[in-house]
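# Build me a model:
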Amino acid sequence: MNWMSEDEVYVGRDFGGREVEITPDLVEYFAQAVEDRNPWYFGSSPFGGPVAPAFLLCQEVYLSLGWYLSVFGNLHAKQEWELFHPIMVGDHVSTRSLIVDRYAKREREQVVKEVSYRGADGRLLARSRTYQSFLMGQPTEGIVVDKAQAKASARKFEVGAGSIIEEIPGVTKEVTLEMCQRFSGPAKNYHNDREEARKLGFPDIVVQGMLSTCFVSEMLTQRFGLGWYVGGRTTLNLVNILWGGETVTSRGVIKEMTPEGSHQRAQCEVWCEKPDGTITIVGTASAVV
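Numbering: from 1, shown residues only. Model prediction:
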């Protein structure tokens with residue numbers, strides 16, 4: 001018996017799922033959209049054949065927007081991933097999503113949607129949690145975030161400081177309109193069209209936060225390979241907006257090595273940075289080595 005209304009966004013609300021075939025065309029489209037041409041996606045890999053990008057199904061959380069409290073001024077605030085087993089090209093994956101948290105924070109309301117990804121045999125392959133931030137009791141027109149806000153002193157973040165074991169080679173991307181359209185299309189929205197962005201309170205195209213998280217995953221795949229696919233974890237806070245047409249670099253450092261069975265886990269600090277030093281994402285990640 002459900003005591004909530006049908007349209008209420010409540011903790012425990014199940015949004016169902018779907019069956020997805022991991023085809024070469026699906027992998028090719030994703031690789032083009034994020035400009036990540038890792039040869040493992042198209043030929044042999046340590047797993048015996050082509051393996052899908054770790055975040056291939058990252059858009060699954062947005063297939064249904066029935067969990068959105070509003071559209072105007074909403075922002076992707078945080079992203080978490082746990083990777084347990086690689087998804088191979090040719091696999092059939094079952095997804096399932098539900099609301100796992102909802103709370104107020106600094107005049108905004110946060111809703112957290114978890115998506116689980118399972119193989120045909122029921123094995124848990126990965127789990128993601130997306131934190132979406134919604135205006136609470138605020139205007140529904142005008143500009144809610146301007147481009148100068150990200151450069152204010154209150155939005156500065158210290159990254160890459162302290163003791164460092166290794167600097168991870170970064171990944172730099174120019175986020176073109178074409179990239180935004182491929183990753184966030186085909187329908188026009190505030191992630192790929194300036195006029196749509198202005199309707200929702202933004203002066204320019206807001207690059208979809210999930211796109212930048214894919215850049216971080218590309219960097220970690222290049223550095224850790226198998227150890228990212230099997231046991232990778234990340235918690236990413238999206239702290240400033242990346243605007244359409246800007247360039248961003250994913251960076252990371254290994255801060256500590258901790259024992260994990262017969263291996264070690266590399267504890268990392270990761271972030272995304274514009275050429276002027278503005279940080280758009282800051283967080284942690286780890287992988288098995």
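# How about the backbone phi and psi for the closest residue to His92 other than its chain neighbours?
Once flanking residues are discounted, His92 sits nearest to Ala120: 4.9 Å by CB to CB, 6 or more residues apart in numbering. Backbone N, C-alpha and C define where each C-beta goes, glycine included. The phi and psi torsions at Ala120 (degrees, to the nearest 10) take the values phi -60, psi -30.
# What residues does Ala120 make contact with?
By CB atoms under 8 Å, 6 or more residues apart in numbering, the contact list for Ala120 reads Asp91, His92, Val93, Ser94.
# Show me where the protein dips below the pLDDT cut-off.
Applying pLDDT under 70 to the chain picks out residues 1-3, 138, 149-155.
# again, only this time at 90
Across the chain, the ranges flagged by pLDDT under 90 are 1-7, 105-107, 136-162.
# which residue ranges form the strands in the stretch 101-250 of the chain?
Using DSSP state E, counting those that start in this stretch, the strands found in the stretch 101-250 of the chain span residues 108-118, 124-135, 166-174, 233-238, 247-260.
# How about the last one, which residues are buried there?
Spelled out, it's strand 247-260. For strand 247-260, burial by neighbour count (16 or more other CB atoms under 10 Å) applies to Val248, Thr249, Ser250, Arg251, Gly252, Val253, Ile254, Lys255.
# and that strand, how far from the chain's centre?
Centre-to-centre, strand 247-260 and its host chain are 16 Å apart (CA atoms, centre = their mean, to the nearest Å).
# now the angle between strand 166-174 and that strand, please.
150 degrees (axes from the mean of the first three to the mean of the last three CA atoms, to 10 degrees).
# swap in the second one?
For strand 124-135 against strand 166-174, the angle by the same axes, to 10 degrees is 60 degrees.
# In strand 124-135, which residues are buried?
By neighbour count on 16+ other CB under 10 Å, the buried set for strand 124-135 is Leu125, Ala126, Arg127, Ser128, Arg129, Thr130, Tyr131, Gln132, Ser133, Phe134, Leu135.
# pull the CA atoms of that strand into PDB?
Extracted as PDB, the C-alpha positions of strand 124-135 are listed here (Å, rounded to 0.1, in the frame of the first residue of the first chain):
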ATOM      1  CA  LEU A 124      25.700  -6.300 -10.200                       C
ATOM      2  CA  LEU A 125      28.000  -4.500 -12.700                       C
ATOM      3  CA  ALA A 126      27.900  -0.900 -11.500                       C
ATOM      4  CA  ARG A 127      25.900   1.500  -9.400                       C
ATOM      5  CA  SER A 128      25.600   5.300  -9.700                       C
ATOM      6  CA  ARG A 129      24.000   8.100  -7.600                       C
ATOM      7  CA  THR A 130      23.000  11.400  -9.200                       C
ATOM      8  CA  TYR A 131      22.400  14.400  -7.000                       C
ATOM      9  CA  GLN A 132      20.200  17.000  -8.700                       C
ATOM     10  CA  SER A 133      19.700  20.400  -7.100                       C
ATOM     11  CA  PHE A 134      16.500  22.400  -7.500                       C
ATOM     12  CA  LEU A 135      15.500  25.900  -6.600                       C
END
